[in-house]
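Undergrad: Sequence and predicted structure below; questions after.
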Amino acid sequence: MRSLQQTIGNLIDKQTVFFIGSMDENGFPNIKAMLSPRKREGIKEFWFTTNTSSRRVAQYRIDSKSCIYFCDKRFFCGVQLTGTMEVLEDVKTKEMIWREGDTMYYQGGVTDPDYCVLKFTAQKGRYYTNFSSEDFNI
C-alpha cells in the first residue's frame, strides 16, 4: 500500500485542478472543478479554500458524504477518494490555509465571512492506470 500511496500522492501533487463531489437536496450527485488542495496529509486528509456562500458548502452542511477525483490526462490515470467533508470556519484553520494573494477572492482577508476551509477525510479509494482499476481502503 505504501508504494500505491506514493504513486497516488505524486499524481495528486502534479495536478492544478481536481474534481469535488457532493450530494444535492434531492440525493443527486454534483461535481465541480476546483483548484488543487492547499494542504494534504498523505492521501487521507485534504484542505481547500472556498466561499462560505457556495452551493457546495450548503450541501456539505446537510450531507458530508463526498468524493474527490484527480486525473492525469497525459497518462490517462486517475484516483477517486471517497469520504466525508467538513466545513471549517475557525480562524486557526483559515490562517493555516491562507496564502498571499487570496484577497483577490476574499477581500476581507482571513476573517472574511465568505472564506472557509473544506477538509476532506478519505475512507477508501479507487486508482485507475494501464486499463486496470484497484480498490483500496485508507
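TA: Yep, it's here.
Undergrad: Can you check which helix is longest in the chain?
TA: In terms of residue count, the longest helix belonging to the chain (DSSP state H) is helix 2-13.
Undergrad: Tell me which other helices or strands that helix touches.
TA: In this structure, helix 2-13 packs against strand 65-72, strand 77-88, strand 115-129, with contacts taken as 3 or more C-beta pairs under 8 Å, 6 or more residues apart in numbering; DSSP states H and E. Every residue, glycine included, has its C-beta placed from N, CA and C.
Undergrad: Enumerate the positions of the helix or strand that contains Glu95 that are buried.
TA: Using DSSP states H and E, the element containing Glu95 is helix 91-97. By neighbour count on 16 or more other C-beta atoms under 10 Å, the buried set for helix 91-97 is Thr93, Lys94, Ile97.
Undergrad: immediately after the worst-scoring helix or strand of the chain on mean pLDDT, which helix or strand?
TA: Counting by mean pLDDT, DSSP states H and E, the chain has its least confident helix or strand at helix 2-13, which shows a mean of 90. On the C-terminal side of helix 2-13, the closest following helix or strand by DSSP H and E is strand 17-23.
Undergrad: isn't Thr111 right up against Glu95?
TA: No - between Thr111 and Glu95 there is no contact under C-beta atoms under 8 Å: 9.5 Å.
Undergrad: Identify the residue spatially nearest to Val57, adjacent ones excluded.
TA: Spatially, and ignoring its direct neighbours in sequence, Val57 is nearest to Val87 (5.4 Å; C-beta to C-beta, 6 or more residues apart in numbering).
Undergrad: who are the neighbours in contact with the one you found?
TA: Thr52, Val57, Tyr60, Arg61, Cys116, Val117, Leu118 (C-beta atoms under 8 Å, 6 or more residues apart in numbering).
Undergrad: now do 7 Å
TA: Val57, Tyr60, Arg61, Cys116, Leu118 (C-beta atoms under 7 Å, 6 or more residues apart in numbering).
Undergrad: Quick check: pLDDT value at the last one.
TA: Leu118 is assigned a predicted lDDT (pLDDT) of 98.
Undergrad: close enough to count as contact, it and Met85?
TA: Yes - Leu118 lies in contact with Met85 (C-beta atoms under 7 Å); the separation is 5.6 Å.
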